[in-house]
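Undergrad: I'd like to go over a predicted model; first the sequence, then the structure.
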Amino acid sequence: MSVALRNAQRAVPVRRAPLRRAVCILRDALGASRFDVGLVCAGDGLMRRLNGAYRQRPEPTDVLSFPFHRVAAGELPRPRSRDEYSLGDIFLGVEYIHRQCRDTGEHLDSVLAVTAAHGLCHLLGYRHDTRAEWQQV
């Protein structure tokens, strides 16, 4: 299946092909290659609105995930029809991540891939509300 990537921000140049490739590799490594994933590169404004609406934290953040299925950590969904072969959507806060990279000296492409992996883990039911959950992620 596919990784649909949309760049919904213009503040930071994003190399889409390497990011899409990284998400495809990660999805395949997690055994979820049959599932679609939506990936949106978002600016601070959109991330602030989404974070406020869904987490009651009206501030930009690095990643938000919106799973299509509810599954236990590490389980794959069991779709009942072709229309249900989606893991969900990942929103990457590209402006937020870019600022972090400037502060730490890390490479944007690498941090985007790692952050997308974090989002993908959330789509597969992993959480990190406790120390034990964080270690599992």
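TA: Done, it's in. Numbers count the residues shown, from 1 in each chain.

Undergrad: and the spatially closest residue to residue 7 that is not a sequence neighbour, which of the three is it?
TA: Sequence neighbours aside, residue 41 is the residue nearest to residue 7 in space, at 4.5 Å (criterion: CB to CB, 6 or more residues apart in numbering). In short, each C-beta sits where N, CA and C put it, glycine included. Following DSSP: H, G, I helix; E, B strand; the rest coil, residue 41 is assigned to strand.

Undergrad: over to residue 100?
TA: helix.

Undergrad: please report how far it lies from residue 77.
TA: 31 Å (CB to CB, to the nearest Å).

Undergrad: compare the two and say which one has the larger neighbour count.
TA: Using other CB atoms under 10 Å, the more surrounded residue of residue 100 and residue 77 is residue 77, with 21 against 15.

Undergrad: confidence-wise, which helix or strand of this protein is lowest on average?
TA: Using mean pLDDT, DSSP states H and E, helix 131-136 stands out as the lowest-scoring helix or strand of the chain, at a mean of 55.

Undergrad: on that earlier part again, got a pLDDT number for the residue nearest to residue 7?
TA: pLDDT, residue 41: 98.

Undergrad: since that was my last question, I'll sign off now.
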